[in-house]
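S.K.: Structure for this input, please:
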Amino acid sequence: MKIRLNLEKDKHIFLIGFMGSGKTSLGKLVAKNFKLEFIDTDRFIEKQENSKIQEIFDEKGENYFRKLEHEFILNLPQFIKPTVFSTGGGMPIYNDNLSIMKKHGIVVFLDITIGKLHSRLKNDKKRPLLQVDENLYEFITREFNVRLPIYSQAHIIEDAGIKKNEIVVNLLSKINSFKFSNES
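M.R.: Next up, the predicted model:
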C-alpha cells in the first residue's frame with residue numbers, strides 16, 4: 001500500500017534547522033519519496049553567484065549573503081510545482097524570512113541535540129560560520145540556543161536524531177494531516 005502526500009499545488013516544504021541537522025540529505029530523500037522537486041538554497045545561491053558560500057562570506061560578507069537568501073525567499077512564487085527546500089541554517093532567522101516561508105508552505109524544523117550537531121560538525125572545514133577561534137561545542141551551543149526560539153515557530157518540529165527513513169514516514173503523516181490557516 002502506497003501512501004500519497006497531500007500537498008496543495010502552490011505549497012512547498014521548507015526544512016529548517018541548524019547546520020548539520022541533515023536538511024540537505026533528508027530533503028533529497030523526502031523529495032524522492034514524495035516525487036517532488038528539490039532545491040538546496042545554498043547550492044542555488046552558489047550557482048546564481050558563481051561562487052561558493054565560503055567565498056561569498058569572505059569577499060562580500062555575511063550581510064550580502066543574507067540579502068541573497070532574502071531575495072530567494074521573495075522570489076518563491078517562481079516555483080510553481082511543490083518543492084522541498086533545504087534552507088541554510090540562518091535563512092529563517094533573518095529578514096522575516098520564516099514568516100514568508102510559512103505563507104508559501106509547511107515549515108519543518110529538524111531538531112537535533114547539540115551533542116549530535118557537534119559530532120557531525122567537528123571536522124567540517126567548509127562552513128564559514130564554523131571558522132571560529134572559540135571552542136566549537138560552546139559556539140554551537142550558543143548559536144543553537146539563540147536560533148531555537150525562531151526555529152521553534154515552524155509548523156512541524158521533527159526529531160532529526162532518528163533514522164532518516166523514520167523521519168520521512170513521520171513527515172508524511174504530519175504533512176498529510178496539516179491544515180493551512182490564514183495565519184499559517
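S.K.: List the buried residues in the top helix by length along the chain.
M.R.: Longest helix in the chain, counting residues (DSSP state H): helix 136-151. Neighbour counts over helix 136-151 (16 or more other C-beta atoms under 10 Å) mark 139, 140, 143, 144, 147, 150, 151 as buried. C-beta: built from backbone N, CA, C; applies to glycine.
S.K.: And for residue 85, nearest residue in space, chain neighbours not counted?
M.R.: residue 14 (4.9 Å; C-beta to C-beta, 6 or more residues apart in numbering).
S.K.: After the helix or strand encompassing that neighbour, which helix or strand is next? Please name it.
M.R.: Residue 14 belongs to strand 12-16 when assigned by DSSP states H and E. The first helix or strand that comes after strand 12-16 along the chain, using DSSP H and E, is helix 23-34.
S.K.: Just the buried residues of that next one, please?
M.R.: Neighbour-count burial for helix 23-34 flags 23, 24, 26, 27, 29, 30, 31, 33, 34 (criterion: 16+ other C-beta under 10 Å).
S.K.: For the first one, give me its contacts.
M.R.: In this case it means residue 23. Contact partners of residue 23, counting by C-beta atoms under 8 Å, 6 or more residues apart in numbering, are 15, 16, 17, 40, 86, 87, 89, 110.
S.K.: so how many other residues sit close to the residue nearest to residue 85?
M.R.: 29 (other C-beta atoms under 10 Å).
S.K.: shouldn't it be in contact with residue 88?
M.R.: No. Residue 14 lies out of contact with residue 88 (C-beta atoms under 8 Å); the separation is 11.3 Å.
S.K.: Can you name the element that comes right after the lengthiest strand in the chain?
M.R.: The longest strand of the chain (DSSP state E) is strand 105-111. Using DSSP H and E, the helix or strand that directly follows strand 105-111 along the chain is helix 114-121.
S.K.: buried set for that next one?
M.R.: 114, 117, 118, 120, 121.
S.K.: how about those residues in TSV, adding pLDDT and distance to residue 157?
M.R.: Shown next, in TSV, are the buried residues of helix 114-121 (pLDDT from 0 to 100; distance: C-beta to C-beta, whole Å):
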residue	pLDDT	distance to residue 157
114	92	16
117	88	16
118	85	20
120	81	19
121	81	21
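S.K.: if we take the residues you listed, which one ends up nearest to residue 96?
M.R.: Minimum distance to residue 96 across those is 25.3 Å, recorded for residue 117 (C-beta to C-beta).
S.K.: just to revisit the earlier point, what pairs with the strand holding residue 14, parallel or antiparallel?
M.R.: Here strand 12-16 is paired, per DSSP bridges, with strand 83-86 (parallel), strand 105-111 (parallel).
S.K.: which residues make contact with the first one from outside it?
M.R.: Meaning strand 83-86. Taking C-beta under 8 Å, 6+ apart as the rule, strand 83-86 contacts 12-15, 23-24, 26-28, 30-31, 34, 36-42, 101, 105.
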